[in-house]
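**Student:** okay, here's the prediction I keep looking at, along with the sequence it came from:
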Amino acid sequence: MSLLTFGSSRLQVTEAPKAPFKLVFVHGAAARGKGFRPFIHHLKSFSPYPLQIEIIDLPGHGFANSQPPRSTLEHYATDVIEILQQRQRSSQSTILVGHSMGGAISQIVGLKRPDLLSGMIIIASTHAFDIPSEFLKLIQNDFLSFLKASEQFLFAQNTPNSWRHAFLKNFLPNPSQEVVYADFFACSQFDQRNLSPLIETPALVIAGEHDALIPPKFSKMLAEELPLSCYKVVRNTGHLVFLEAPGQVSKLCLDFLGRLAQRATS
């Protein structure tokens, strides 16, 4: 996997020139691209054809942690659009895969530049985040308590502790207070409820049955607003559904890619 630089973002790339699909992953708030790797391993194992994988580290995150975070999700979306433009290949269908905040960023990209996408996979996200002011105050005033509490809203109750620690090691590697607050504040300003019906990019919306951060009903509301979407709930999972049940989520994603391929040839 090679590492490329685009402005303030970093892109981890596994090249597969003959792959029919290019999957571009956008992580969530306070996370980093590396957190997708266990899921990607399952996805590639189940796939009947090669997949090109590209993982974005947004400014302030992962390999791009020396850069300041963005103040709005629209600014993050501009970063993603820049990468998509420069990496566009006519021989591959580009699928944007966004988790949580990354799912919101994907929606903005789908609205602004549908020409760059063949599809979107939106995981544990919605079209407007309800983030209480007390949540933001906790990040500002008692950051350590916030980090300790993160396990409570990231996982389903039945997820083993050993899994939780392993996932968090890659997913939330000691994020800075500045980045965490900037991300969640940007999410608190995101509201695309009136614009979702205008997004005509085919979408798969996946929710975790016991997601305490983005309850499934909100993901379902998003799916109902998107003109070309399907909605799936994965049982016994929380906000990190793609890590808690990577096999099930991989199969849902590959079924979606198969439908896109059929749609393109019909």
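**Tutor:** Cool, got the structure. Numbers count the residues shown, from 1 in each chain.

**Student:** strands along the chain, start to end?
**Tutor:** 2-6, 9-14, 21-26, 51-57, 93-99, 119-123, 203-208, 229-234 (DSSP state E).

**Student:** quick one: those as a markdown table, columns for distance to residue 219, mean neighbour count and mean pLDDT too.
**Tutor:** No exception for glycine: its C-beta is placed from N, CA and C like everyone else's. Supplementary listing: the strands of the chain in a markdown table, determined by distance: least, C-beta to C-beta, whole Å; neighbours: other C-beta atoms under 10 Å; pLDDT from 0 to 100:
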| stretch | distance to residue 219 | mean neighbour count | mean pLDDT |
| --- | --- | --- | --- |
| strand 2-6 | 29 | 12 | 90 |
| strand 9-14 | 26 | 20 | 94 |
| strand 21-26 | 16 | 25 | 97 |
| strand 51-57 | 22 | 24 | 96 |
| strand 93-99 | 12 | 25 | 97 |
| strand 119-123 | 8 | 27 | 98 |
| strand 203-208 | 4 | 27 | 98 |
| strand 229-234 | 7 | 18 | 97 |
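
**Student:** kindly reformat those as CSV containing distance to residue 156.
**Tutor:** Putting the strands of the chain into CSV (distance: least, C-beta to C-beta, whole Å) gives the following:
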stretch, distance to residue 156
strand 2-6, 33
strand 9-14, 28
strand 21-26, 22
strand 51-57, 25
strand 93-99, 16
strand 119-123, 15
strand 203-208, 7
strand 229-234, 10
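
**Student:** for the stretch 101-250 of the chain, give me the ranges with low pLDDT.
**Tutor:** 171-173 (pLDDT under 70).

**Student:** contacts only, for the closest residue to residue 87 other than its chain neighbours.
**Tutor:** The spatial neighbour of residue 87 that comes closest, neighbours along the chain excluded (C-beta to C-beta, 6 or more residues apart in numbering), is residue 54 at 6.8 Å. Going by C-beta atoms under 8 Å, 6 or more residues apart in numbering, residue 54 touches 11-14, 22-25, 83, 87.

**Student:** looking at these, which two lie furthest apart in space?
**Tutor:** Farthest-apart pair in the contacts of residue 54 is 14 and 83; separation 15.0 Å (C-beta to C-beta).

**Student:** phi first, then psi, for the spatially closest residue to residue 200 that is not a sequence neighbour.
**Tutor:** Distance criterion C-beta to C-beta, 6+ apart; nearest residue to residue 200, sequence neighbours excluded, is residue 227 at 5.6 Å. Backbone torsions for residue 227, taken as degrees, to the nearest 10, come to phi -60, psi -30.

**Student:** got the contact list for residue 227?
**Tutor:** Counting by C-beta under 8 Å, 6+ apart, the residues that residue 227 touches are 197, 199-200.

**Student:** do the same with residue 1
**Tutor:** Here residue 1 is in contact with 12-14, 53 (C-beta under 8 Å, 6+ apart).

**Student:** between the residues you listed, which is nearest residue 179?
**Tutor:** residue 12 (18.5 Å).

**Student:** need the contact list for residue 18.
**Tutor:** residue 50.
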